[in-house]
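> Next comes the sequence, and after it the predicted model I'd like to discuss.
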Amino acid sequence: MFLFIYILLLLLLFLNINFFLILRLFDIIKLYLLLSYWVFFFFFFFFALLCFAFLFFRYIICIKLFVDRFVYFLNDLFLLLLLLFFFFLLYIISFLKFYFLKLFIYFILIYF
């Protein structure tokens with residue numbers, strides 16, 4: 001992604017296109033990246049919540065009071081929380097990637 005934006009910036013600079021047009025193009029790219037990360041996060045977040053609700057109501061409706069079933073429920077709950085933590089961590093990494101991409105673009109625009 002960095003290489004693509006860097007090549008695009010160099011191409012636009014070598015073609016002597018208006019500098020404000022370049023800034024507008026990067027605003028569009030930043031908006032697209034921000035929206036794609038939010039859609040990605042909400043899709044997996046609500047998917048994990050839906051899985052949690054399914055597992056929770058499955059055990060509530062069936063009323064499994066045996067010890068082994070409760071252990072299975074705790075195991076499923078732990079795996080689901082681990083999945084939720086993984087997607088939250090993935091969202092944080094994606095946000096940091098977007099933030100560093102923004103800094104990289106500003107660095108190119110300021111120093112070149």
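Thanks, I have the structure now. Note that this is a predicted model, so its numbers are computed, not measured.
> Buried residues, stretch 85-92. List them.
For stretch 85-92, a neighbour-count test (16 or more other C-beta atoms under 10 Å) marks 87, 91 as buried. From N, CA and C alone the C-beta is placed, and that goes for glycine too.
> Using CSV, write down the CA coordinates of that stretch.
This file holds the C-alpha atoms of stretch 85-92, laid out as CSV (Å, rounded to 0.1, in the frame of the first residue of the first chain):
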residue,chain,number,x,y,z
PHE,A,85,-10.0,-10.0,21.7
PHE,A,86,-8.4,-11.1,18.4
PHE,A,87,-10.7,-9.0,16.3
PHE,A,88,-10.3,-6.0,18.6
LEU,A,89,-6.5,-6.4,18.4
LEU,A,90,-6.8,-6.6,14.6
TYR,A,91,-8.8,-3.4,14.6
ILE,A,92,-6.2,-1.7,16.7
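> now it: mean pLDDT?
Across stretch 85-92, pLDDT averages out at 75.
> do the same with stretch 56-64
Per-residue scores along stretch 56-64 average to 62.
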